[in-house]
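Student: Sequence isn't available, so here's the structure alone:
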């Protein structure tokens with residue numbers, strides 16, 4: 001709440017209110033309203049604390065930003081999610097099943113990565129198939145129970161505690177998680193606890209449960225009762241309509257995807273005792289014929305076998321192995337001191353992406369993650385440009401599955417280019433299971449070709465971080481080479497100058513429609529061609545001589561538009577509003593060299609046009625502005641753009657990201673594209689990370705909002721892992737893991753002094769009074 005107030009008042013006085021409206025009476029009026037708003041928030045907080053209490057064992061976790069705590073009604077669509085990158089879903093039930101928020105949520109349903117059904121409609125496209133979750137339940141009583149819930153970002157666990165009249169002195173807790181190690185296993189635990197605030201002892205009682213499981217309308221179903229196992233159900237589900245290979249496609253047409261589901265039945269009521277039977281565990285196992293070595297005829301038996309195998313494990317064993325796996329994941333991340341509310345948003349943003357990806361299941365990332373059906377579960381440039389960089393920097397093993405998703409779909413991209421008599425790979429704007437293009441807007445699939453360069457840039461970053469030459473030669477190079485081939489094959493000379501361009505394209509500013517000579521498309525095409533030429537030399541593989549010619553002679557004009565010298569977004573641009581960052585992407589992530597005055601002009605000109613009420617849609621654009629301003633040294637402008645993030649996060653709930661910042665129209669939920677942009681603001685903005693072919697450099701600056709220390713745990717770079725922790729006066733680098741003899745760190749301090757050190761052993765620390773920069777080399 002304090003972040004909201006701080007942001008709102010700063011916006012009124014200096015940030016996003018039109019300068020013509022900033023008259024003294026207006027400012028006074030807005031200031032008075034702001035003070036009233038602060039008073040109302042403080043009063044409401046006091047009343048809430050007076051009536052509902054935070055459990056003592058959750059209090060320190062909330063204080064550190066490790067959990068989101070909720071004890072009031074949550075709007076439909078803002079429920080918490082759990083997942084392990086293979087399966088995922090929301091926890092809880094919709095208040096109104098017919099609400100738009102409920103339709104955005106997966107309450108009562110599970111999703112499995114890569115499983116889509118073709119939904120009927122005017123334009124039939126794949127839709128992430130909803131799998132009914134038989135373990136989606138809540139506690140009921142004669143009178144509505146008081147309750148509290150917590151989403152634990154460290155362990156991907158949701159706890160829900162209810163105090164019910166029929167169990168005086170007791171707390172009923174449900175715990176939900178999808179096992180991180182055993183990816184096919186979902187767990188629900190129900191237990192009785194002593195209410196620490198009750199004066200009477202908790203006695204055995206009966207707990208009543210209500211199911212809110214979804215439906216399986218995306219599947220044809222065969223249900224089997226297993227007579228050898230009481231109270232267990234198993235099913236085989238097969239999607240009704242699988243994505244079709246187009247007539248020009250060369251890959252085999254897959255059969256409709258099948259799933260096997262086996263689970264413990266949950267009765268309508270349970271008798272629990274604090275001492276004799278304090279806990280009931282219900283397991284659900286799921287398999288698919290997308291898994292290697294499991295056929296359609298085997299999926300149900302595989303699920304039954306998995307469920308049977310884990311019956312020999314007790315609840316504490318399963319919980320311990322799950323939590324241990326998440327503890328290993330959380331060795332890498334960002335910790336801050338000074339603002340616990342911001343720390344919670346950081347943890348929630350990492351969490352929202354981490355539960356949707358795993359290294360052994362390469363089925364892509366959607367803007368709504370795996371738990372939701374936002375954008376039908378399709379994969380866009382959002383994966384490669386907005387979510388991938390932060391994950392690659394800290395979790396390259398997880399990022400490997402995202403590049404593998406593209407590698408596995410290279411042939412469909414080649415087929416799409418061949419269908420229009422062009423060489424190379426024409427990646428689709430949206431892809432699902434197969435990779436042929438599944439957008440409801442066929443024009444975007446055909447013309448939004450900057451996604452080709454977005455994929456190449458993700459591969460460039462992955463190679464710079466991993467420096468895995470065998471991966472590059474066998475897997476990365478074919479994708480980069482064929483992407484560059486398409487750009488070279490479709491480049492044309494501009495009609496007025498002897499420079500190369502691309503026509504009839506849709507740029508990042510999609511609302512502009514078809515345009516010629518998009519600045520962003522031209523710039524990322526040039527970067528892709530240059531990358532291919534450079535890597536071709538590195539690998540000893542030739543590239544056509546005209547690739548360098550095209551890359552070095554790109555049409556990227558600078559013109560006066562409405563009196564300001566800028567890069568026009570495209571030919572014929574004359575000041576229209578833009579729906580998200582576009583020209584700003586030349587500065588970040590592309591890092592195109594340009595004079596600082598021109599760079600500032602671009603940011604100032606376009607930022608106002610991409611943040612109006614009529615055009616504001618995505619937070620990603622503001623993260624690009626924040627990072628670009630930080631690189632120019634304009635920290636106040638960077639902070640103003642950064643603060644906009646908090647309009648897109650449900651701070652009073654489970655830190656769910658919204659696509660838009662309007663309460664009545666939040667757009668898609670949980671919008672992890674925004675979470676990815678937010679994380680990049682920390683890693684590539686405030687920490688200032690910039691990867692080159694043989695090094696990574698940092699220019700650390702403290703974030704705003706009262707943050708006094710920032711600690712990036714376990715950066716990964718070429719076999720080394722190191723922590724970077726800094727405050728207002730010093731920076732500390734600690735070597736945490738290495739596969740090399742030495743790793744070299746060089747830093748420039750506040751007085752311009754150069755300090756170099758070789759860190760050889762895990763635990764070695766390098767401390768410098770540093771504000772200007774740190775460079776890490778793989779070896780000295």
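Tutor: Perfect, I can see it now. Since the structure is predicted, the reported quantities are computational estimates derived from the model, not experimental observations.
Student: any weak-confidence spans in the chain?
Tutor: For the chain, the stretches flagged by pLDDT under 70 are 1-52, 97-105, 121-123, 142, 224-231, 276-278, 611-621, 741, 770-772, 778-780.
Student: Name the SS class of the residue of it positioned farthest from its centre, please.
Tutor: When distances are taken from the C-alpha mean of the chain, residue 200 lies farthest, 45.7 Å away, according to C-alpha atoms, centre = their mean. With DSSP: H, G, I helix; E, B strand; the rest coil as the basis, residue 200 sits in coil.
Student: you'd agree residue 463 is in a helix?
Tutor: Yes - assigned with three-state DSSP, residue 463 falls within a helix.
Student: what's the spacing between it and residue 700?
Tutor: Counting by C-beta to C-beta, to the nearest Å, the separation of residue 463 from residue 700 is 25 Å. Every C-beta, even on glycine, is put in place using the N, C-alpha and C of the backbone.
Student: The residue farthest from the centre of the chain is in contact with residue 169, isn't it?
Tutor: Yes - Residue 200 is in contact with residue 169 according to C-beta atoms under 8 Å; the separation is 4.2 Å.
Student: How many residues are close by residue 707?
Tutor: 17 (other C-beta atoms under 10 Å).
Student: Apologies, that question was intended for residue 734.
Tutor: Residues within reach of residue 734, counting by other C-beta under 10 Å, total 19.
Student: host element of residue 328?
Tutor: Using DSSP states H and E, residue 328 sits within helix 315-329.
Student: From the rest of the structure, what touches that helix?
Tutor: Helix 315-329 has contacts (C-beta atoms under 8 Å, 6 or more residues apart in numbering) with 154-157, 177, 179-182, 185, 187, 189, 279, 281, 310, 354, 395.
Student: how much distance is there from that helix to the middle of the chain?
Tutor: Helix 315-329 sits 23 Å away from the centroid of its parent chain (C-alpha atoms, centre = their mean, to the nearest Å).
Student: next one: stretch 430-445
Tutor: 20 Å.
Student: Can you point out the buried residues in that stretch?
Tutor: Of the residues in stretch 430-445, 430-439, 444-445 count as buried by neighbour count, 16 or more other C-beta atoms under 10 Å.
Student: closest to residue 774 among those residues?
Tutor: Lowest distance from residue 774 to those (C-beta to C-beta) belongs to residue 431, with 38.1 Å.
Student: backbone phi and psi for the closest one, please?
Tutor: Phi and psi for residue 431, reported as degrees, to the nearest 10, are phi -140, psi 160.
Student: bridging residues for it?
Tutor: residue 379 (DSSP bridges).
Student: From residue 438, how far off is it?
Tutor: For residue 431 relative to residue 438 (C-beta to C-beta), the value is 6 Å.
Student: now swap in residue 379 and tell me
Tutor: Distance from residue 379 to residue 438, by C-beta to C-beta: 9 Å.
Student: Strands of the stretch 351-500 of the chain, residue ranges please.
Tutor: Using DSSP state E, counting those that start in this stretch, the strands of the stretch 351-500 of the chain run over residues 492-493, 500-501.
Student: Name the surrounding residues that touch the first one.
Tutor: Spelled out, it's strand 492-493. Residues outside strand 492-493 that contact it (C-beta under 8 Å, 6+ apart) are 499-503.
Student: Distance to residue 575 and neighbour count added to those residues, as JSON lines?
Tutor: Shown next, in JSON lines, are the contacts of strand 492-493 (distance: C-beta to C-beta, whole Å; neighbours: other C-beta atoms under 10 Å):
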{"residue": "499", "distance to residue 575": "23", "neighbour count": "17"}
{"residue": "500", "distance to residue 575": "26", "neighbour count": "25"}
{"residue": "501", "distance to residue 575": "21", "neighbour count": "24"}
{"residue": "502", "distance to residue 575": "23", "neighbour count": "23"}
{"residue": "503", "distance to residue 575": "22", "neighbour count": "18"}
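Student: Turn these into a markdown table, columns for distance to residue 420.
Tutor: Below are those laid out as a markdown table (distance: C-beta to C-beta, whole Å):
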| residue | distance to residue 420 |
| --- | --- |
| 499 | 24 |
| 500 | 19 |
| 501 | 18 |
| 502 | 14 |
| 503 | 14 |
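Student: Can you tell me the number of residues neighbouring residue 56?
Tutor: 9.
Student: Quick check: residue 235 touching residue 220?
Tutor: No - Residue 235 lies out of contact with residue 220 (C-beta under 8 Å); the separation is 10.6 Å.
Student: higher neighbour count, those two?
Tutor: Neighbour totals were compared for residue 235 and residue 220, and residue 235 leads with 22 against 12 (other C-beta under 10 Å).
Student: quick one: contacts for the more buried one?
Tutor: Listed by C-beta under 8 Å, 6+ apart, the contact set of residue 235 reads 221-224, 260-262, 300.
Student: Looking at strand pairing, list the partners for it.
Tutor: Note on residue 235: beta-bridge partners residue 223, residue 261, judged by DSSP bridges.
Student: which stretches of the stretch 1-150 of the chain form helices?
Tutor: Here the stretch 1-150 of the chain has its helices, by DSSP state H, counting those that start in this stretch, at 2-13, 24-51, 59-63, 100-104.
Student: Same check on the stretch 651-780 of the chain?
Tutor: Ranges of helices in the stretch 651-780 of the chain, per DSSP H, counting those that start in this stretch, are 672-680.
Student: In it, mark out all the strands, start to finish.
Tutor: With DSSP E, counting those that start in this stretch as the criterion, the stretch 651-780 of the chain has strands spanning 690-691, 696-698, 709-717, 720-726, 731-737, 743-748, 754-759, 765-768, 773-777.
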